[in-house]
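**Q** Take a look and give me a structure for this.
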Amino acid sequence: MSENANHATSEDETFIEPGGEAAEAAMPTAVESGAGDEPVPTDEPAPVAPEEATADVSDPTPQTESTDDVTPEEGIIEQAAAIDAASEPVTEPADEDASEPATAPEAVAADAQTPKPAPPSPRAVPRPPKRGRVTPAITGRIAPAVPPPPDLSEEDALHAATFGRVDDEGRVWVREEAGEREVGQYPDTPAAEALAFYVRRYADLHAKIGLFEARLAATDLGVKEIDSTLEHLTAELEAPAAVGDLDALRRRLATLRERADARRTAVEAERTAAKAAAAEARQAMVEAAEKIAATDPAKMQWRPAGEQLRVLLDSWKEAQRCGPRLDRTTEDALWKRFSHARSTFDRERRRWFAELEKANAGAREVKERIVAEAEALATSTDWGGASAAYRDLMARWKSAGRANRKDDDALWARFRAAQDAFFAARDEHHRTTDAEFGANLELKLALLEEAERLVPVKDLAAAKSELRAIQDRWEKIGKVPRADVQRVEGRLRAVEQAVRDAEQSRWQRTNPETRARAEGAAAQLVSAIAALEADLDKARAKGDARKVAEIEESLSARRAWLEQVERAAAESRG
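**A** Sure thing, here's the model as predicted:
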């Protein structure tokens, strides 16, 4: 704070116009201890309007950084500075030529013996603060993010004043556990008013500690902000120019330091856990990128895979920008793996597309030759041969592979146009010929009815003769419409097949080899039957009923076989 006796507020100041009554020659001066016994001249403070007096504390919200790498700019230290600034009185400046430093007590006494007229100057006459409730300067000036500390009540202010005294020379003392200590000098002022000034400073310290206590409990302070605030408050409480129970404030600060240590430990644990989670998330990104890069190029979906890598890269950047910072070694190692995976993917993608372009170029050349052949066949009238050629060209097209989409589409359009032109001409030709062959269809249908009367074949020789005559007439009639070719040809083929089957059956019956086999089998059966009949007589003679039954059963079977063989032999003889 300023060394001036600046305890008066702007509302309590009285101003004297230049040229009016003589200004006061001297004003009360409060001198903080630490400057020695000699009083320190004070400067006149600059005038500040009431609205401007609070401008530097207009934003009361303390900004707590999410990490400890950011120095707190608007935290408790700034608010503490705001309290100091707010506790300074506001006065009107005097002209530079008329400004005079405050004199020491000895100088005042000397001037009293030989008074000198003082020129008029617009000098402010400070008045001591009104007694009553002492309110920290911060209250009412800003809107803190945490509940404001409680005001120092009038009773507490009176109690704080009991820790101080003012001696006959106007020096102010404070009582501490270590003894009394001089905190400043406030001459030519009643003792109660001098103590009130220093009690207000005590109230400011009380408010700062209360605010820090509230923020420590209600906000997420970083480690550096906690340490800097403790350092600042410790320095302020070392030998403050204030009157009050300073030892109680120091004990309170010590308690807060213990809580801050616990908070620091918790923050460090949270930071460690956050870093571990961040490292795990980065590791997952790296593994995902490596999995993509390790995919077989033949099975790779390049566009979706590239999009996945871009999403992973964006997530990596977001984690670097907003997430916890990893140690340099871990982050470098993970980034090296991630970058290597991306490089591998890009290299394989370039190589794969280069090979694809090469293959596409080869396929394009093959398909260009196919298209040229197809276009040459488009005007052919060899309907059967050209149709077969187009089927072959289509098979070659499918086996040629794919060119790039643009070339492939253009070549296919040309191939399809040539093919469509040929088949359109062929279909038109067939429509014309079908109209001409309509009469032939009627004639062939009549022939079919005549041919189908030959089935079933009763007289093979007559059937074959009639069928040959029908076939000759069939060929002379000529073609039928294409839609009816298979139908009429199929009916004629059925008649021809029936005649062939009848001929085959007759040949099998009259085959000499078949007849010889039948006669040989008949002779064997006759011999077997004769032997069984002899055995039967013997069994009957012996009276062996069981043997008789067995032989009779065998005789019945062989006689049935002999009958079939003899019938086959008779058929083979005609």
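
**Q** residues near the residue lying closest to residue 187 once chain neighbours are set aside, how many?
**A** Among residues not flanking residue 187 along the chain, residue 170 sits closest, at 3.4 Å (Cβ to Cβ, 6 or more residues apart in numbering). Every C-beta, even on glycine, is put in place using the N, C-alpha and C of the backbone. Using other Cβ atoms under 10 Å, residue 170 is surrounded by 20 other residues.

**Q** for residue 566, same thing?
**A** 16.

**Q** what's the answer for residue 223, then?
**A** Other residues lying near residue 223 total 16 when counted by other Cβ under 10 Å.

**Q** Mind pulling up the pLDDT for it?
**A** At residue 223, the model reports a pLDDT of 80.

**Q** any idea how far it lies from residue 259?
**A** Distance of residue 223 to residue 259, computed by Cβ to Cβ, to the nearest Å: 13 Å.

**Q** Quick check: the residue nearest to residue 187 touching residue 185?
**A** Yes: between residue 170 and residue 185 there is a contact at 5.3 Å, judged by Cβ atoms under 8 Å.

**Q** contacting residues around the residue nearest to residue 187?
**A** 105, 185-189, 194 (Cβ atoms under 8 Å, 6 or more residues apart in numbering).

**Q** if you set the cut-off to 6 Å instead, what comes out?
**A** If you count contacts by Cβ atoms under 6 Å, 6 or more residues apart in numbering, residue 170 has them with 185-187.

**Q** from those, which is closest to residue 234?
**A** residue 185 (25.7 Å; Cβ to Cβ).

**Q** Could you tell me the per-residue confidence at the residue lying closest to residue 357 once chain neighbours are set aside?
**A** Among residues not flanking residue 357 along the chain, residue 404 sits closest, at 7.4 Å (Cβ to Cβ, 6+ apart). You'll see residue 404 listed with a pLDDT of 81.

**Q** how near is residue 404 to residue 355?
**A** Residue 404 sits 13 Å away from residue 355, going by Cβ to Cβ.

**Q** any idea which helix is longest in the chain?
**A** helix 328-377 (DSSP state H).

**Q** elements contacting that one?
**A** Counting contacts by 3 or more Cβ pairs under 6 Å, 6 or more residues apart in numbering; DSSP states H and E, helix 328-377 is packed against helix 246-293, helix 383-399, helix 405-436.

**Q** Distance from the second one to the middle of the chain?
**A** When you say that, I think you mean helix 383-399. 51 Å (Cα atoms, centre = their mean, to the nearest Å).

**Q** pLDDT of that helix, averaged?
**A** For helix 383-399, the mean per-residue pLDDT is 90.

**Q** contact partners of that helix?
**A** Contact with helix 383-399 is made by 370, 374, 377, 380, 419, 422, 426, as judged by Cβ under 6 Å, 6+ apart.

**Q** Now the buried members of those residues.
**A** Taking 16 or more other Cβ atoms under 10 Å as the criterion, what is buried in the contacts of helix 383-399 is 370, 374, 377, 419, 422, 426.

**Q** before we move on, which element is the closest residue to residue 167 other than its chain neighbours in?
**A** Nearest non-adjacent residue to residue 167, counting by Cβ to Cβ, 6+ apart: residue 173, 6.8 Å away. Residue 173 is part of strand 171-176 when elements are defined by DSSP states H and E.

**Q** how about that strand: buried residues?
**A** Going by neighbour count (16+ other Cβ under 10 Å), the buried part of strand 171-176 is 171-175.

**Q** do the same with stretch 322-335
**A** The neighbour-count check on stretch 322-335 (16+ other Cβ under 10 Å) flags 323-324, 326, 331, 334 as buried.

**Q** and of these, the nearest to residue 300?
**A** Set against residue 300, the nearest of those by Cβ to Cβ is residue 334 (23.6 Å).

**Q** isn't that closest one right up against residue 287?
**A** No: counting by Cβ atoms under 6 Å, residue 334 does not reach residue 287; the two are 10.1 Å apart.

**Q** Flag the shaky bits of the stretch 101-250 of the chain, pLDDT-wise.
**A** 101-150, 219 (pLDDT under 70).

**Q** ranges for the strands of it?
**A** Using DSSP state E, counting those that start in this stretch, the strands of the stretch 101-250 of the chain run over 164-166, 171-176, 179-185.

**Q** would a markdown table of those with distance to residue 153 be doable?
**A** Listed next are these as a markdown table, based on distance: least, Cβ to Cβ, whole Å:
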| stretch | distance to residue 153 |
| --- | --- |
| strand 164-166 | 18 |
| strand 171-176 | 20 |
| strand 179-185 | 22 |
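
**Q** looking at those, which is closest to residue 468?
**A** Counting by Cβ to Cβ, residue 468 lies closest to strand 171-176 out of the strands of the stretch 101-250 of the chain; the figure is 146.0 Å.

**Q** So what are the sheet partners of that closest one and their directions?
**A** Using DSSP bridges, the strands paired with strand 171-176 are strand 164-166 (antiparallel), strand 179-185 (antiparallel).

**Q** and the helices and strands packed on helix 328-377 as TSV, adding distance to residue 482?
**A** Below are the helices and strands packed on helix 328-377 laid out as TSV (distance: least, Cβ to Cβ, whole Å):
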stretch	distance to residue 482
helix 246-293	58
helix 383-399	10
helix 405-436	5
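
**Q** Check the strands paired with strand 171-176 for me and report the most buried one.
**A** Among the strands paired with strand 171-176, strand 164-166 has the highest mean neighbour count (mean count of other Cβ atoms under 10 Å), at a mean of 21.
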